[in-house]
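Trainee: The following comprises the amino acid sequence and a computationally predicted model.
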Amino acid sequence: MNRPLKLSNTNSATAAREAIWSRIIEVMKAGDYYDRVMSAGSELDRVKHYLSILEGTSHETKALHQDTSLLPIFPGLDYRAVYSVNDFSALADAAEALKASYQIILAEADGIDYHAYTEGGLNGGRWDVFPIYHMGERLPPAERVPRTTKIVESLSLSSHVYPWSDMIFSSHEPRTHLLPHYSVDSFRIRCHLGLRVPAGCWLRVAGETLTWKEKEVLFFSDSYRHETYNGSSQQRVVLIVDLWHPGLSKVEIDAITAGFRKREIREWFINIRVPEGCPYSPLRSVLFQRFWESDNDALMQKYWGKVES
C-alpha cells in the first residue's frame with residue numbers, strides 16, 4: 001500500500017524529494033536505461049522530459065491541489081482529481097468488468113483475514129488490509145483470492161506490475177479517519193470498488209466529497225490531496241485497484257515499468273514501501289527474490305541490457 005505521507009511544503013521536504021530523484025537517475029545512468037530512453041524516437045519524448053525533471057534540468061508542473069510525496073508529476077497528461085466512466089473508454093470497461101464480478105469479489109473478500117496497517121496517517125480507528133500485489137509482484141496471499149486476482153490482472157490498463165501500484169482489499173473499522181495526504185506518483189488512476197459500505201462513509205479528493213456505494217466504482221487520482229472517513233458503526237470494505245492513466249501510450253508504459261522495476265531501485269524503495277515491522281514485512285524476502293528473478297526478463301533487457309548473474 002502506498003504509505004500515506006503527511007503533507008508538507010517545507011524546504012526540507014522538497015530537498016528530500018529531490019534527493020530521491022537524484023538517487024533514481026543515478027541508477028538509471030549507471031545502467032543502459034537512461035541512454036536507451038534518451039536515444040529513442042519521439043514516441044518517448046514525454047519520458048525523456050520526465051527523466052530531465054528527475055535529473056534537475058527541467059521543472060515539474062503541478063495542477064492545483066496536486067502533488068506527490070516522492071516522484072515528479074509526469075508531463076503532458078490530462079489530470080483531474082476525480083474521473084468518471086465518461087472520461088475514458090478504458091475506465092468504463094474496467095468499471096463494467098468489476099461490477100459484473102461484484103459477487104465473486106465480495107465472496108472472496110468475506111473469506112480472508114485482514115492485517116492492521118500501522119504506518120501512520122490515521123486520526124482514530126483502524127485500517128486493515130489484505131495485499132494481493134505489492135511492489136509489482138503477486139504476493140502469496142493472492143492464492144486465497146484467485147478469482148479476484150485474475151479479474152484485476154485481465155483489466156486492459158491494470159498496472160499491477162508497476163512497483164508503486166496496489167491491488168488490495170482495504171477495510172476501515174468504525175470511526176476510522178485517514179488524514180489528508182498525497183501518493184507517490186501520477187502515472188496511475190486509482191479505482192475503488194465498494195464491497196461493504198455502510199452509511200456515513202466518504203472519500204474527499206481535492207475538496208470534492210464522494211461516497212462509495214456497494215457494487216459501484218470510483219475513479220480518482222491519488223496525486224491530489226485526499227482523505228477518507230468511516231463515520232459509521234460498521235466495517236467499510238473496498239477493493240483498491242490501480243490503472244495506468246489512459247493518456248499514456250503502450251511504449252511509455254513499458255519504459256516507465258522497466259525504469260522502476262530495476263532491482264537496485266526496488267531494493268532501495270522497499271524500505272519505504274515495506275519497512276520492517278509493517279504488515280507486509282514477512283514478505284520482504286519473497287520480494288527480494290522476485291526482484292532478482294525479474295531483472296533479466298525481456299522488457300528489462302530491452303531497456304537495461306542483460307544483467308550478468
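Mentor: Now that the structure is in, tell me what you want to look at.
Trainee: looking at it, residue 196 is touching residue 214, isn't it?
Mentor: Yes: Residue 196 lies in contact with residue 214 (C-beta atoms under 8 Å); the separation is 7.0 Å. (Glycine included, C-beta is placed from N, CA and C.)
Trainee: Which one of the two is surrounded by more residues?
Mentor: residue 196 (17 against 14; other C-beta atoms under 10 Å).
Trainee: What ranges does the chain have for its strands?
Mentor: 82-83, 115-116, 127-134, 137-138, 166-172, 176-181, 188-196, 201-205, 208-210, 217-220, 226-230, 236-244 (DSSP state E).
Trainee: Columns mean pLDDT and distance to residue 66 on top of these, output as a markdown table?
Mentor: A markdown table is the format used below for the strands of the chain (pLDDT from 0 to 100; distance: least, C-beta to C-beta, whole Å):
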| stretch | mean pLDDT | distance to residue 66 |
| --- | --- | --- |
| strand 82-83 | 98 | 12 |
| strand 115-116 | 86 | 30 |
| strand 127-134 | 94 | 24 |
| strand 137-138 | 96 | 28 |
| strand 166-172 | 96 | 19 |
| strand 176-181 | 94 | 13 |
| strand 188-196 | 98 | 13 |
| strand 201-205 | 98 | 11 |
| strand 208-210 | 98 | 13 |
| strand 217-220 | 98 | 12 |
| strand 226-230 | 96 | 11 |
| strand 236-244 | 98 | 17 |
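Trainee: closest one to residue 41 among those?
Mentor: Residue 41 lies closest to strand 236-244 among the strands of the chain, at 20.8 Å (C-beta to C-beta).
Trainee: Restrict that closest one to CA atoms and write it as CSV.
Mentor: Taking C-alpha atoms only, strand 236-244 is exported to CSV below (Å, rounded to 0.1, in the frame of the first residue of the first chain):
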residue,chain,number,x,y,z
ARG,A,236,-16.2,-0.5,5.4
VAL,A,237,-14.5,-2.6,2.8
VAL,A,238,-13.4,-1.7,-0.7
LEU,A,239,-11.2,-3.3,-3.4
ILE,A,240,-8.4,-1.0,-4.4
VAL,A,241,-7.1,-1.3,-7.9
ASP,A,242,-4.6,0.9,-9.8
LEU,A,243,-4.8,1.5,-13.5
TRP,A,244,-2.4,3.2,-15.9
